[in-house]
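Undergrad: Provide a 3D model corresponding to the input given below.
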Amino acid sequence: MSKGKKQLLTLIGLCLLLAAMVCAYIFVPKSEEDSEEDEVQTTNAVEVVNIDQDKVSEIQINSGEEDRDAIHLKKEGDTWKFAEDGSIPVNSEEVGKLIGNISPVKASQKIKAEDTGLADYELENPKESVSFVTTDGNTYSFYFGSSVPDNGGKYGLYGEDTQVYAFSETFCNSFDVTKNSLIEKDAIESIDSEYLTSMEVKNKGVSTFKAEVVSDDKKIDAYTNWIISKPYKKALAGSSTTDWTTLQDTFTDVSFDELVEYDSKDLKKYGLTEKNPVGEVHVTYFAVPEGYEMPQATEAPTDGSSRTTGQNNIDNKANLVPEKDRINKGYTLYFGNETEDGTGIYVRLKENHNVYKISSDTATSMLTVDAYTYMDHSVYSTLATDLDGYDVTIGKQTISVTRTAKEEKNEAGKETNIWTVNGKEVPEEKEEDFLTPYSKAYLLEFTSFAKNDVKPDSDEPVLKVVYHEKTRDVTVTYRPYDGTNFYRVDKDGMDYFLVDKLSVDAVIDAFKTLPDLVK
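TA: Numbering: from 1, shown residues only. This next block holds a predicted model:
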């Protein structure tokens, strides 16, 4: 036989084999298993029962897990309560989710199981179930078994019927709840930062940070009533930057993650006993009566620099609302041990024993507030035009400056001033040069902490400035430190910080030029 005929016969044989395989697929009967699987996958969703949500008066849920309590809820009037303890507050919104998809209840598949036992679906003695009782006396019960492959959800039964359904994942998961998740959680109301009056942090009983709004006679910076009174012996001024806003947000918008235990009888295991919590945060604020007319604030002056001068003083309503008009409020939050899974911290409010979890990041941001980060880093930030004057001492030289406001205003409608240096009036055409030294001093900022183990060669001030405000004097003294990079700054006894030496030297040189302006 020729080679061409052999190839032709081979091709014909392959075609016949392919035709036989197609016929076998179409005409040979499928097995019962294949037929049932095909039916399970193609059956349309069916309605099992339609329950009127508004008539549901009782719910029972059994998860089938030994470490999870059964849930039994009853409705009294418009309020849901736990059947075993009606004093525990129930979150009605969460209960609403339980009954949110029972009108109607649908199954994704209805399975013909004439030749299949309930045990194949773990439904012979199902442990997981949910029941609804309605006000008309009807009870609707659902029992769940093994998971439905691929599509998710679970096989289940309705009532006493042996018909097996494949319930959707959404329907089954809506009952995967714990008792704690249905309890109404404590809530710290969202606080308007304008009404804050204090924020205090304690770690192991020691106050590591405290900021508070004080009266005008106790403030540190002329433009803000916020002071940082802890942990230093001498108070610091609160910052007027966006950092201060970030700090306030940390304490004014606090929420809990999950409820760990309601009304715990053993707070010690969480590190949350009142006498010895790991950490503590105390915040005070106030509200005003409905319809209260807020007094008008006086707009803070601007300084032309990058600082927002006095913004805290304007934004905080404690400077405007008299104590008699305030509705004082606050919260105290205790922090305990790290959670067992290492992802959070146990917390509770002081007024009860409900234990919650919050994230480790949130706890850290609240408990590790650093005073230096949030203080006003400007050495002295009052504008020269808001002073009565100032005295500068450089070595044995003293320069006295006074300011007197004129009655008339300039062409721009702004107040004008008469300045004197050592009793001699500064010519109007030299006013800009006169203000330059003060501007240089105004821009000085704290740069780092002073170390007490550094021993300067001398304690004699290189520069002292006494600022005469309307109601007080503020004294800022610059002393030697390391002889190279920094001077140590003492501001009315607050001497914890350093300032750049070259910058202060430039200020000293600038102040020395003042007497020459009035010769």
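Undergrad: how long is stretch 435-455 end to end?
TA: Length of stretch 435-455, first residue to last, C-alpha to C-alpha, to the nearest Å: 35 Å.
Undergrad: and that stretch, how far out from the chain's middle?
TA: In terms of C-alpha atoms, centre = their mean, to the nearest Å, the centre of stretch 435-455 is found 34 Å from the chain centre.
Undergrad: as a whole number, average confidence for it?
TA: Averaging pLDDT along stretch 435-455 gives 94.
Undergrad: please apply the same query to stretch 256-265.
TA: Stretch 256-265 comes out at a mean pLDDT of 95.
Undergrad: ditto for stretch 74-83
TA: Here the average pLDDT along stretch 74-83 is 95.
Undergrad: that stretch: which residues count as buried?
TA: Buried residues in stretch 74-83, counting neighbours by 16 or more other C-beta atoms under 10 Å, are found at Lys74, Lys75, Trp80, Lys81, Phe82. C-beta here means a position set from N, CA and C on the backbone, and glycine is covered the same way.
Undergrad: quick check: of these, which lies closest to Glu200?
TA: Phe82 (36.5 Å; C-beta to C-beta).
Undergrad: low-confidence regions, this structure specifically.
TA: Residue ranges of the chain with pLDDT under 70: 1-44, 113-115, 240, 297-315, 410-413.
Undergrad: dump the residue contacts of Leu182.
TA: Ile71, Leu73, Val90, Asn91, Glu94, Val95 (C-beta atoms under 8 Å, 6 or more residues apart in numbering).
Undergrad: now with 6 Å?
TA: Going by C-beta atoms under 6 Å, 6 or more residues apart in numbering, Leu182 touches Val90, Asn91, Glu94.
Undergrad: and if you look at Ala222?
TA: Taking C-beta under 6 Å, 6+ apart, one finds Thr382 in contact with Ala222.
Undergrad: which SS class is it?
TA: Secondary structure assignment for Ala222 (DSSP: H, G, I helix; E, B strand; the rest coil): coil.
Undergrad: what about it, distance to Ala384?
TA: 12 Å (C-beta to C-beta, to the nearest Å).
Undergrad: what about the helices in the stretch 251-400 of the chain?
TA: Ranges of helices in the stretch 251-400 of the chain, per DSSP state H, counting those that start in this stretch, are 311-315, 360-367, 371-374.
Undergrad: most tightly surrounded among those?
TA: Most buried of the helices of the stretch 251-400 of the chain by mean neighbour count (mean count of other C-beta atoms under 10 Å) is helix 311-315; its value is a mean of 21.
Undergrad: can you give me the buried ones in stretch 104-120?
TA: In stretch 104-120, counting by 16+ other C-beta under 10 Å, buried: Val105, Lys106, Ala107, Ser108, Gln109, Lys110, Ile111, Ala113, Leu118.
Undergrad: beta-bridge partners for the first one, please?
TA: Applying DSSP bridges to Val105 yields these beta-bridge partners: Val49.
Undergrad: Ser400 against Asp391, yeah?
TA: Yes: in this structure, Ser400 is within contact of Asp391 by C-beta atoms under 6 Å, at 5.1 Å.
Undergrad: still on that earlier bit, widest-spaced pair of the buried residues of stretch 104-120?
TA: Lys106 and Leu118 (21.1 Å).
Undergrad: and the strands in the stretch 151-300 of the chain?
TA: Using DSSP state E, counting those that start in this stretch, the strands of the stretch 151-300 of the chain run over residues 154-158, 164-167, 196-203, 206-213, 226-230, 236-237, 259-261, 279-287.
Undergrad: strands paired with the third one, and their directions?
TA: The reference is to strand 196-203. Next to strand 196-203 in the sheet, as set by DSSP bridges, lie strand 206-213 (antiparallel), strand 279-287 (antiparallel).
Undergrad: so which of those strands is nearest Thr477?
TA: That would be strand 206-213 among the strands paired with strand 196-203, by C-beta to C-beta, at 25.4 Å.
Undergrad: buried sites along that closest one?
TA: In strand 206-213, counting by 16+ other C-beta under 10 Å, buried: Thr208, Phe209, Lys210, Ala211, Glu212, Val213.
Undergrad: next up, the contacts around the first one.
TA: Residues in contact with Thr208 (C-beta under 6 Å, 6+ apart) are Val201, Pro231.
Undergrad: just the fifth one next, same as before
TA: Remark: with contacts taken as C-beta under 6 Å, 6+ apart, Glu212 is in contact with Ser198, Ser229.
Undergrad: and stretch 485-504, end to end?
TA: So stretch 485-504: terminal residues 11 Å apart, C-alpha to C-alpha.
Undergrad: list the buried ones in that stretch?
TA: 486-491, 494, 496-501, 503-504.
Undergrad: ok, stretch 342-361 next?
TA: Applying 16+ other C-beta under 10 Å to stretch 342-361 flags Gly344, Ile345, Tyr346, Val347, Arg348, Leu349, His353, Asn354, Val355, Tyr356, Lys357, Ile358 as buried.
Undergrad: what about the strands paired with strand 196-203, which gets the closest to Glu122?
TA: Per C-beta to C-beta, nearest to Glu122 of those: strand 279-287, 47.0 Å.
Undergrad: can you list contacts of that closest one?
TA: With C-beta under 6 Å, 6+ apart as the test, strand 279-287 has contacts from 191, 195-203, 251, 326-335, 366-367.
Undergrad: SS state for the nearest residue to Thr170 once chain neighbours are set aside?
TA: Spatial nearest neighbour of Thr170, chain neighbours left out: Asn101 (6.8 Å); criterion: C-beta to C-beta, 6 or more residues apart in numbering. Three-state call for Asn101 (three-state DSSP): coil.
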